[in-house]
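Undergrad: Quick one, fold the following:
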Amino acid sequence: MSIKRVCINLGLVLCLAGLIAWCVLTGKAYDIVLENTPTTVAGAEQPALEAVHVIIDKQEPVLMLEGDRIISTAIGVKHKIRIDVLDEDDKVLESRSHTYTIHDLGTPPTLNIPAVFAASKAEK
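TA: Residues are numbered from 1 along each chain as shown. This next block holds a predicted model:
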């Protein structure tokens with residue numbers, strides 16, 4: 001066998017390994033714990049929000065009330081979360097968005113909704 005053929009075969013194997021790694025990372029589903037509980041952010045107390053819709057990657061909105069803790073599933077590593085604060089008639093008072101990666105969330109992946117809401121910017 002020539003060195004040229006070995007290099008070509010090695011290159012093809014590396015490309016295939018890269019493709020497999022990309023498919024695993026972008027297609028893996030992660031369970032994320034969403035909690036609407038009071039927390040402290042940068043020394044400031046953030047109370048739980050009364051009623052919010054939480055939307056991860058344009059999936060169906062999840063209604064969370066004060067004190068709720070649920071598990072949601074997200075596919076891939078990078079995600080966008082939108083939090084809509086609702087009034088008593090379920091009308092949206094304020095919306096905020098935040099982008100995060102699974103690796104930012106720790107183990108197990110947990111998002112505290114009041115903390116994300118306080119750290120995110122308002123949508124237009």
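Undergrad: top helix in the chain by residue count?
TA: Using DSSP state H to define each element, the chain has its longest helix at helix 3-27.
Undergrad: After it, which helix or strand is next? Please name it.
TA: strand 29-35 (DSSP states H and E).
Undergrad: Who are the packing partners of that next one?
TA: Other helices and strands packing on strand 29-35, by 3 or more Cβ pairs under 8 Å, 6 or more residues apart in numbering; DSSP states H and E, are strand 69-75, strand 110-112. Bear in mind the C-beta positions are built from the backbone N, C-alpha and C, glycine included.
Undergrad: Okay, residue 3 and residue 10: tell me how far apart.
TA: For residue 3, the distance to residue 10 (Cβ to Cβ, to the nearest Å) stands at 10 Å.
Undergrad: For these two, indicate the residue with more neighbours.
TA: residue 10 (10 against 7; other Cβ atoms under 10 Å).
Undergrad: how about residue 79, what does it touch?
TA: Contacts of residue 79 were listed using Cβ atoms under 8 Å, 6 or more residues apart in numbering, and they are 56, 57, 99, 100, 101, 102.
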